[in-house]
Structures are given as C-alpha cells and as structure tokens.
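A.B. asks: sequence and computational prediction follow.
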Amino acid sequence: MAAALDAGADMVGLMFFPKSPRHVSLSQACRLADMARGRAEIVAVTVNMDLDGLSRINELVKPDTFQFHGEEAPEALAAAKVMQGTKVMKAISISDRSDLEQAHYYAVVADRLLFDAKPPKGSELPGGNGVSYDWTILKDLDLKKPFMLSGGLDPENVAEAIRLSGVSEVDVSSGVEREKGVKDSGLIRAFLAAAKGVKVPG
Ligand SMILES: O=C(O)c1ccccc1NCC(=O)[C@H](O)[C@H](O)COP(=O)(O)O
C-alpha cells in the first residue's frame with residue numbers, strides 16, 4: 001500500500017474474496033484503508049456478495065467504491081449504490097469483442113467499468129489470473145462512462161497496452177507480485193512509472 005500511494009496510484013483495491021491469495025480480513029482492510037484515505041480512491045473488490053456483506057465492509061472499511069467481480073446484475077449494482085452510498089464499478093470478463101455488448105447495460109448504472117480478461121478454464125478466481133486479451137478491441141469504445149483495462153498487465157507491457165487500446169486507466173494485480181499474492185514494491189513503482197509515462201492518444 002505504501003509503495004502504491006507513494007508512487008501515485010489513483011486507486012487502490014482491497015480484496016474481499018476468501019479464495020483469493022490477496023484476500024484481506026476486515027481488520028487488515030481497515031488498517032490499509034486508513035493509510036490510503038484522502039490519497040487514493042479506495043476500492044473494495046467483491047464477488048457475488050450479499051447486501052449484508054457489503055454493508056459490513058461499508059461500515060467498517062468505508063471504501064469509496066465497490067467493485068463487483070462476479071455475476072451481479074445491473075439491478076444489484078443499482079441497489080448497492082443506493083443502500084451503501086458509494087460509487088460502483090462492474091468488472092466485465094472479456095475474451096473477444098462480443099463480450100463488450102453487455103457493457104452498455106452496466107454503463108447505465110455503474111460509475112466505472114473494468115474490462116478484465118476472462119479467467120482460464122478451471123480457475124477458482126474470476127480475476128487476478130495474469131491473463132490478457134486483444135487490447136485493440138477497446139479502441140474507440142464509446143460508453144459515456146469511464147472504463148479501465150486489466151488482465152495480464154505488468155511493467156513491461158502496460159505502455160503498449162495503453163497505446164493499443166487508447167484507454168487512460170489501467171489496473172494490475174499479479175503483474176506486480178514477486179510470487180502469487182505477494183506484492184513487490186519495486187514492481188509497483190515500475191508499473192506506475194510506465195503507466196503514467198504514456199501519452200494517451202486523442
Ligand atoms: O485478484 C484476485 O485475486 C481477484 C479475485 C477475485 C476477483 C477479482 C480479483 N482481482 C480483481 C482485479 O481487479 C485484478 O486486478 C484484475 O483481475 C487483474 O488481475 P491480473 O491479471 O492479475 O493483473
């Protein structure tokens with residue numbers, strides 16, 4: 001967290017999915033959120049979580065945004081937005097251009113979308129798998145809402161991903177880890193330097 005904040009991350013994510021190697025307890029999340037508050041947008045990442053679970057995170061951790069990384073319907077995002085009073089972001093799994101169609105439904109209610117790579121067959125994780133897709137399919141996408149690119153990004157390829165997709169926001173997890181679930185400060189700094197160094201066309 002300190003490395004991400006010091007290197008100028010605009011958003012930081014806290015993982016609330018027990019099967020993930022990045023899962024944090026509520027007390028760890030509170031401590032990390034307190035470090036980030038006022039310096040970066042705090043994003044609570046959830047997967048098909050019920051309203052009670054969201055409320056508990058909201059009361060204790062006070063995230064700015066909930067990221068929905070499961071099969072949540074647009075109506076579930078709308079309910080969370082009203083009941084929690086936070087921003088909502090929907091992750092959409094992408095393997096090819098046809099997967100972009102659902103984005104238009106979510107864009108009505110979501111404050112932001114995240115186009116993440118579809119997980120490999122058999123993966124227990126809907127995100128954080130370090131796999132990517134054809135970044136060029138995001139070029140010229142017009143949603144009237146901000147959107148981010150993720151999936152298999154790292155300090156070496158992020159500049160190319162930004163150039164090819166034309167996006168101005170990116171998200172990373174395993175590409176800044178020295179081993180699964182263990183973040184590396186040097187890789188975080190390198191990623192942010194590479195991402196922030198690119199001039200986005202248009
Ligand atoms: O990272 C996880 O373990 C995870 C588990 C369950 C749902 C979402 C998860 N990650 C969410 C993210 O937004 C990741 O940053 C995104 O999938 C990119 O991951 P990576 O390809 O490893 O950079």
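C.D. replies: All right, it came through fine.
A.B. asks: so residue 134 sits against residue 96, correct?
C.D. replies: Yes - using Cβ atoms under 8 Å, residue 134 is in contact with residue 96, at 7.3 Å. To be clear about C-beta, it is placed using only N, CA and C from the backbone, and glycine gets the same treatment.
A.B. asks: same for the longest strand belonging to the chain, what does it pack against?
C.D. replies: Counting by DSSP state E, the longest strand found in the chain is strand 87-94. Counting contacts by 3 or more Cβ pairs under 8 Å, 6 or more residues apart in numbering; DSSP states H and E, strand 87-94 packs against strand 65-68, helix 74-84, helix 103-107, strand 112-117.
A.B. asks: got the confidence number for residue 202?
C.D. replies: Looking at residue 202, its pLDDT is 54.
A.B. asks: is stretch 134-144 anywhere near the ligand?
C.D. replies: No - using Cβ under 6 Å from any ligand atom, stretch 134-144 stays clear of the ligand, coming no nearer than 12.6 Å.
A.B. asks: for the ligand, what is the nearest residue in the protein?
C.D. replies: Among the residues of the chain, residue 128 lies closest to the ligand, at 2.1 Å counting by Cβ to the nearest ligand atom.
A.B. asks: okay, now that residue: neighbour count?
C.D. replies: Using other Cβ atoms under 10 Å, residue 128 has 26 neighbouring residues.
A.B. asks: next: the one 5 residues further on.
C.D. replies: Counted with other Cβ under 10 Å, the burial measure for residue 133 works out to 20 neighbours.
A.B. asks: residues contacting it?
C.D. replies: Going by Cβ atoms under 8 Å, 6 or more residues apart in numbering, residue 133 touches 94, 95, 96, 117, 118, 151.
A.B. asks: show me the contacts for the residue nearest to residue 128 when sequence neighbours are not counted.
C.D. replies: Nearest residue to residue 128 in three dimensions, chain neighbours excluded: residue 173, at 4.4 Å (Cβ to Cβ, 6 or more residues apart in numbering). Contacts for residue 173 (Cβ under 8 Å, 6+ apart) come out as 13, 22, 127, 128, 130, 150.
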